[in-house]
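Visitor: Sharing a model prediction with you, sequence too.
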Amino acid sequence: MLDNLQLLFVWAPIINVQVILEGIFVGAVFALSAYGLALVWGVMNIKNLAQGDFVIMGGYMAFSLHSMHVPLPLILVLVVPTMFIFGWIIYVVMIRRIIDQDMFVSLLATFGLSLLMQQVMNIFYGPEVQTIDMELPVYDAFDGFVTIPASKIISLVMAGIMAFAVIVFMKKSRLGQSIRATAQDPRAARVLGINTHRVSAFTFAFNAAFCGAAGVLVSIIWVIQPFYGITYSVRSFAIVTAAGLGNMPGVIAAGFGIGLFEKYVGVIIGTAYEVAAPVSILLMVLIWRQIQMKRNRQVVK
Amino acid sequence: MSDTQKKFLPYILLGLLGIFGPILFPNYTLSIAYLWMMILMASTWDLLGGQMGYNSLGNITFFGVGMYVSAIVQISFFYEGGVGEYTSAMGSIKPVFTDYEYFAGLFWGVIAAGIASLVLCLIFSSFMFGLRGPYFAIGSLGLAIAAAELTITIDYVGGASGIQMPLFPGEIEFRSTFFYIICFVFTIVAHFLLRWIYSTQFGLAINAIRDDEDKAEAMGIPTLTYKRIGWCIAAVFMGMIGAVAGNMAGFIDKEVAYPIPTFGIFMVAMALLGGKGTLWGPVIGAILFHVVKEATWPYLLNLQWVALGLILIVNIVYFQQGIMGWLQTKFPEMFGITVDSSSRDNVKGG
């Protein structure tokens, strides 16, 4: 551990550039899935524990399409609407019925969904770790100390385009505006004539599409495995909790922050803590929020 | 049937099942032992989740910690090389324990597991109870995952390759009966402890915390202490039964010790199925769940886990109030009494 610290800060500080870049690449993915969770959480007060499994499902769809030699842009164009429809179906079958219930019910029901999706993916794809090999070039910088695969640049660009499209959609379109209004105050939105049920359905489907897109990126720059979903769920929760509900720019910032933190932890302590790192971040965020709230004699609700 | 008779009927039925179950179905002794274990888990989960309103997804942490602590105690007490040497040999060392060594090791292992869980729970509760509702659930799930991941990085307890538990000195039938009795006794003790707790002021206090914690605090209930005690009771039982379960399994690793997707969720599902917040709900839920699971498991082949997810979703989305909740709304007169057709007729007639 000390060796790694020395390597980072004394012997070869240039490696920091590599770690920061990696952090930004994964942070973009985290920010995407957390943004979806923040929307769903805000609009219908559902804590979706199947968030990460949506991501992995998108990844596996991309994996299947890629093995059929579908080009990358087309993969994204196919996966996003499919996940949108899937999200809508899940909303109609399940989420609609638990929307007014105790919050723990939503948590547990989506946990059940998460188990179900994991197992179905496990049956179809097996428990092996998979990735999409794009066979793209890898660029060197700083005398070979920093390597940047082209696939990661592509994924970052795609994430940027998607984020831009979504921000424009949320700001300009009528539906986007009603989603934001519902997230701010569902009752007032209903009074003002917004069909909150339709908005909820759309938001959940939108979230699934978002996660699907994030999953495509994950399958390109990282690995997918049926049981890796929970880590993305945990990260999304940590990000949304850290940013605070309704703080969308905060969600994106926290997404990149957690990406960076995780990559640094990976370099300094070692990859054995790959799953433990996001979970301990979540716990730290929760404890930090508690201390924050305690000053005003409040609790984290 | 008089009221006192009605009160004792479920105990008589359970007692009969407990005593004659393994005698009538000797091949299923261990399966019934797991049934008692699940009743214990669901009941202690309900102490927090149902009665106190703190839905924990992380009670399984104590199960795993208890299992590992007991393994360390059992091995290091009577094997000179210590746990490190034992685990690094990956099960190739098979020390022969005498009867006395094994049972004394098990006894102290279970006690140590309870103490370790208690200490751990005191630590956890110092920073977990500022979280309410879903945050507590997610936070406790995080604790369980973190504990599982940290355990496999410790080489002293075998890391990812796990620990081979000491061999049971005796025949296989005696082994199952022995563990069966332990599970049965633990469950009965836990049940009567919970029954007594719910009848005291403590029970009222934790119900008040569930209904409105701020008001409860304003009324002068030391909520943090009460919540702490509640979770510690659940933790001690989980730790001790974890120690027993480790010995029943014979081999422990991350999957056996921290079964988050199985026991960790089963106990919640069982309590919800039976109806949370009641003494008998978790018991009924556990029996129903376990019987259905054991009866259908072998026929589902690879689809068991899919079926499990489906059961969970259907149970939570479509049948939330649980069996006890359903009975309470349907037959309010027989509130708090187990299902049996004769008393239902009585209610209809009367």
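Guide: Arrived safely, thanks for sending. Keep in mind the model is a prediction, meaning the values are calculated, not measured.
Visitor: Counting by contacts, list what the longest helix along chain B packs against.
Guide: For chain B, the longest helix by residue count, based on DSSP state H, is helix B:99-128. Helix B:99-128 is packed against helix B:60-78, helix B:133-151, helix B:223-249, with contacts defined by 3 or more Cβ pairs under 8 Å, 6 or more residues apart in numbering or on different chains; DSSP states H and E. Quick note: C-beta positions are derived from backbone N, CA and C, even for glycine.
Visitor: pLDDT (mean, whole number) over it?
Guide: In this model, helix B:99-128 has an average pLDDT of 91.
Visitor: quick one, that helix and helix B:223-249 angle?
Guide: For helix B:99-128 against helix B:223-249, the angle by axes from the mean of the first three to the mean of the last three Cα atoms, to 10 degrees is 150 degrees.
Visitor: buried set for helix B:99-128?
Guide: By 16 or more other Cβ atoms under 10 Å in any protein chain shown, the buried positions in helix B:99-128 come out as B:101-102, B:105-106, B:109-114, B:116-118, B:120-121, B:124-125, B:128.
Visitor: now stretch B:171-189
Guide: Neighbour count says stretch B:171-189 has B:175-180, B:182-184, B:186-188 buried, by 16+ other Cβ under 10 Å.
Visitor: Looking at those, which are in helices?
Guide: When DSSP H is applied, the buried residues of stretch B:171-189 are split such that B:175-180, B:182-184, B:186-188 fall in helices.
Visitor: and the residue positioned nearest the centre of chain B, how far is that from B:N55?
Guide: Per Cα atoms, centre = their mean, the C-alpha nearest to the average position across chain B is that of B:M41, at 1.7 Å. From B:M41 across to B:N55, the span is 14 Å (Cβ to Cβ, to the nearest Å).
Visitor: any weak-confidence spans in chain B?
Guide: Chain B contains residues with pLDDT under 70 at B:1-6, B:80-82, B:87-94, B:332-350.
Visitor: please redo it, this time with the cut-off set to 50
Guide: B:337, B:343-350 (pLDDT under 50).
Visitor: Get me the contact residues on it for chain A.
Guide: B:49, B:55, B:57, B:127, B:130-135, B:137-139, B:142-143, B:145-146, B:149-150, B:153, B:261, B:265, B:268, B:272, B:302-303, B:305-306, B:308-313, B:316-318, B:320 (Cβ under 8 Å from any Cβ of the partner chain).
Visitor: Run through the residues that contact A:G229.
Guide: Going by Cβ atoms under 8 Å, 6 or more residues apart in numbering or on different chains, A:G229 touches A:50-56, A:114, A:117-118.
Visitor: now do 10 Å
Guide: A:49-57, A:59, A:114-115, A:117-118, A:121, A:211, A:215 (Cβ atoms under 10 Å, 6 or more residues apart in numbering or on different chains).
Visitor: if we look at chain B, which of those are close to it?
Guide: A:49, A:114-115, A:117-118 (Cβ under 10 Å from any Cβ of the partner chain).
Visitor: ranking those residues by neighbours, who comes first?
Guide: Among those, the one with the most neighbours (other Cβ atoms under 10 Å in any protein chain shown) is A:L49, at 29 neighbours.
Visitor: Correct me if wrong: that residue contacts B:A137.
Guide: Yes: counting by Cβ atoms under 10 Å, A:L49 does reach B:A137; the two are 9.2 Å apart.
Visitor: Which neighbours do those two have in common?
Guide: A:107-108, A:111, B:57.
Visitor: As CSV, those with neighbour count and distance to A:I153 would be great.
Guide: As requested, the shared contacts of A:L49 and B:A137 are exported to CSV (neighbours: other Cβ atoms under 10 Å in any protein chain shown; distance: Cβ to Cβ, whole Å):
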residue, neighbour count, distance to A:I153
A:L107, 24, 37
A:L108, 28, 40
A:F111, 29, 36
B:L57, 28, 39
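Visitor: Same list as before, these that is, but in a markdown table and with secondary structure and distance to A:V146 included.
Guide: Shown next, in a markdown table, are the shared contacts of A:L49 and B:A137 (DSSP: H, G, I helix; E, B strand; the rest coil; distance: Cβ to Cβ, whole Å):
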| residue | secondary structure | distance to A:V146 |
| --- | --- | --- |
| A:L107 | helix | 41 |
| A:L108 | helix | 45 |
| A:F111 | helix | 40 |
| B:L57 | coil | 41 |
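Visitor: So which of these is the closest to A:A183?
Guide: Lowest distance from A:A183 to the shared contacts of A:L49 and B:A137 (Cβ to Cβ) belongs to A:L107, with 19.0 Å.
Visitor: check contacts around the closest one.
Guide: So A:L107 contacts A:46-49, A:98, B:55, B:57, B:133-134, B:137-138, B:141, B:268, B:316 (Cβ under 10 Å, 6+ apart).
Visitor: Give me the neighbour count for A:F261.
Guide: Burial measure for A:F261: 18 neighbouring residues, criterion other Cβ under 10 Å.
Visitor: Pull the contacting residues for it.
Guide: Going by Cβ under 10 Å, 6+ apart, A:F261 touches A:23, A:27, A:238, A:254, A:277-278, A:281, A:284.
Visitor: Same list, those residues, but only the ones touching chain B.
Guide: Near chain B, by the rule Cβ under 10 Å from any Cβ, you find A:238, A:277-278, A:281, A:284 out of the contacts of A:F261.
Visitor: Neighbour-wise, give me the winner out of those.
Guide: Most crowded among the ones next to chain B among the contacts of A:F261, counting by other Cβ under 10 Å, is A:P278 at 29 neighbours.
Visitor: which element is that one on?
Guide: Using DSSP states H and E, A:P278 sits within helix A:276-294.
Visitor: In terms of secondary structure, what does that helix contact?
Guide: With contacts defined as 3 or more Cβ pairs under 10 Å, 6 or more residues apart in numbering or on different chains; DSSP states H and E, helix A:276-294 has these neighbours: helix A:229-243, helix A:248-268, helix B:99-128, helix B:133-151.
Visitor: Now with 8 Å, please.
Guide: helix A:229-243, helix A:248-268, helix B:133-151.
Visitor: can you give me the offset of the longest one from its chain's centre?
Guide: Relative to the mean C-alpha coordinate of its chain, helix A:248-268 is positioned 12 Å out (Cα atoms, centre = their mean, to the nearest Å).
Visitor: Same question for stretch B:260-273.
Guide: Taking the mean of its C-alpha atoms, stretch B:260-273 sits 9 Å from the chain's own mean (Cα atoms, centre = their mean).
Visitor: Pull out the buried positions in it.
Guide: B:260-261, B:263-273.
Visitor: mind giving me CSV with the ones next to chain B among the contacts of A:F261 and columns for distance to A:F145 and pLDDT?
Guide: What follows is these, written out as CSV (distance: Cβ to Cβ, whole Å; pLDDT from 0 to 100):
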residue, distance to A:F145, pLDDT
A:A238, 31, 86
A:A277, 24, 82
A:P278, 27, 82
A:I281, 27, 85
A:M284, 31, 87
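Visitor: Using TSV, lay out those residues together with distance to A:W11.
Guide: Shown next, in TSV, are the ones next to chain B among the contacts of A:F261 (distance: Cβ to Cβ, whole Å):
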residue	distance to A:W11
A:A238	32
A:A277	24
A:P278	28
A:I281	27
A:M284	29
